[in-house]
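*Asks:* Output the structure for:
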Amino acid sequence: MEMVYFAWNERLHISLPVLQYDWNCYSMSQQADIIAQWESIRGAIPQQIFAFESIINRKQEQLFEEDDFERSCELNYEIADYASRINDLHLWYRLNQELDSRRHS
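*Replies:* Predicted coordinates:
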């Protein structure tokens, strides 16, 4: 049975780690597989950030033109949500440093 180490996260549009055990419980081979998969996923994060930034820019343009207060509030909420997603992606992108340090310890 193949182990599943990652699961799709709809909010961030990437797969995220779902490790069931402490890192040291995985064999060296499993750790290497997890790191290799993560590096592939991690490589797509800047592209996803760019996509979310593009959405924010479009929503900001809509907000600039919007006269309806309620719709303006909705757009502000949506912009804040995508900004939060970008922040989360930045945090996940930095996870590589933690995995690398674990691999070398």
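*Asks:* Show me where the chain has its helices.
*Replies:* 28-43, 45-65, 69-103 (DSSP state H).
*Asks:* between the shortest one and helix 45-65, how many degrees?
*Replies:* Per axes from the mean of the first three to the mean of the last three CA atoms, to 10 degrees, the angle that helix 28-43 makes with helix 45-65 is 30 degrees.
*Asks:* swap in the longest one?
*Replies:* Between the direction of helix 69-103 and that of helix 45-65, the angle (the same axes, to 10 degrees) works out to 170 degrees.
*Asks:* what mean pLDDT does helix 69-103 have?
*Replies:* Averaged over helix 69-103, pLDDT sits at 86.
*Asks:* Enumerate the positions of it that are buried.
*Replies:* 75, 79, 82, 85, 86, 89, 92, 93, 99 (16 or more other CB atoms under 10 Å). C-beta here means a position set from N, CA and C on the backbone, and glycine is covered the same way.
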